[in-house]
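Novice: after the sequence you'll find the predicted model.
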Amino acid sequence: FFFFSYSLPLAAHLFTMVRHLPPFLLATLALSNTSAFTTPNHHGSIPSTTQKRSSVALSVIRQPIMMPTQEPMVPYRAPGSTYDQFIGMKARQLKERKLWIAQYIDDDAANSIISSLLYLQSESDKEDIKLYLNIPGANLRPALAIYDAIHELKADGCKIATTNIALCAGMGALIAGSGTKGMRYSLPNARYLLQKTGMDVVFQGQATDIALEVRDIKKWNEKVNGMLSKVTGQSPERIDEDLRRDFYLSSEEAVRYGLIDEVLLPMPNKRQPPSEVVDLGSFTSGAEQKYQGETATPMEQQQQGGPNNGMLRTNDDDEPKIAKG
């Protein structure tokens, strides 16, 4: 009771002092990290909560080290030039008439691929174009545009080789089979997926509009089946029967189906049979082979007591002799 009666006048006195403080001092106290009523501990320092708050404020946030996402740069020396310059890897391979198609084919991808094909044709319509494919899928209209461009180049006499390196699904399988006959390749573990086309996006509208859209899809499925029939040599009826569900083909099955021509297999190591004698050549040297600057072989020098009293030369460097005055 005595403490309570003593603390009330003290609290009133403190409230009066705080009320008469200048406004800028009150703002400073309000924005400071420490409280006006924070007392040091028995070590003479402020509590750990204040230390943690200040250490967090002063801590440095380290960003994780990220790998570069840009296209790798490789050196290239232009014909007739005396120095190398760094260009993108895709541009470097394009100069060798190699085009990589490793993405889902949409409108932007189709525009880039067709423009690259037309550029290679303008450079030379007699040299082959090599396409390396890894197509997980494609929209109908952009894929048909690439298909038409390939057949246009073939009609102009340009040979196009296609190689499936991983997966060609949907319209990508049709692009893989549209290369020049005899130049359609595949890696051993590559796969093909033949399937019917569907809607690119979800279609909404009236029932009559949906019926028209379905009728158009059926018509294009029949056209794609006819294209696959020309590429593979199979009948349209068998193509339609096989494509009722997703139709997977391995590289060997794709050859038998007529979609491609050859599977690229690694060449076996060339080793000599153990029964044959390995000819390592002759290690004997004639008397005409001499050391540099000598008129006899090292053995003859030892026998005849030649330079250095029959010992071999110790100064086998090619530096000029130093004249001693």
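Specialist: Now that the structure is in, tell me what you want to look at.
Novice: check which residues of the helix or strand containing residue 215 are buried.
Specialist: According to DSSP states H and E, residue 215 maps onto helix 207-232. Within helix 207-232, the residues scored as buried using 16 or more other C-beta atoms under 10 Å are 217, 221, 224, 225, 227, 228, 229, 231, 232. Heads up, the C-betas are built off the backbone N, CA and C, glycines and all.
Novice: packing partners for it?
Specialist: Judged by 3 or more C-beta pairs under 8 Å, 6 or more residues apart in numbering; DSSP states H and E, the packing partners of helix 207-232 are helix 171-176, helix 236-242.
Novice: same for the longest strand along the chain, what does it pack against?
Specialist: The residue-count maximum for a strand in the chain (DSSP state E) belongs to strand 160-169. If you count contacts as 3+ C-beta pairs under 8 Å, 6+ apart, strand 160-169 packs onto strand 129-135, helix 140-155, helix 171-176, strand 184-186, strand 191-194.
Novice: now the angle between helix 140-155 and that strand, please.
Specialist: Angle, strand 160-169 to helix 140-155, by axes from the mean of the first three to the mean of the last three C-alpha atoms, to 10 degrees: 160 degrees.
Novice: neighbouring strands for strand 160-169, and are they parallel or not?
Specialist: Paired with strand 160-169 in the same sheet, following DSSP bridges, are strand 129-135 (parallel), strand 184-186 (parallel), strand 191-194 (parallel).
Novice: just name the most buried of the ones you listed.
Specialist: With neighbours defined by mean count of other C-beta atoms under 10 Å, none of those is more surrounded on average than strand 184-186, at a mean of 25.
Novice: got a list of contacts for that strand?
Specialist: Residues from elsewhere that reach strand 184-186 (C-beta atoms under 8 Å, 6 or more residues apart in numbering): 161-164, 176-177, 192, 251, 254-255, 259-264.
Novice: report the buried members of these.
Specialist: 161-164, 176-177, 192, 251, 254-255, 259-261, 263.
Novice: any low-confidence regions in the stretch 1-150 of the chain?
Specialist: 1-63, 65-69 (pLDDT under 70).
Novice: how about a cut-off of 90?
Specialist: 1-92, 95, 124-126 (pLDDT under 90).
Novice: now do the helices in it.
Specialist: Under the criterion DSSP state H, counting those that start in this stretch, the stretch 1-150 of the chain contains helices at 2-19, 23-31, 48-58, 89-95, 107-123, 140-155.
Novice: now the shortest one: buried residues?
Specialist: Buried residues in helix 89-95, counted by 16+ other C-beta under 10 Å: 92, 94.
Novice: quick one: list the elements packing against it.
Specialist: Counting by 3+ C-beta pairs under 8 Å, 6+ apart, helix 89-95 packs on strand 73-76, strand 98-101, helix 107-123.
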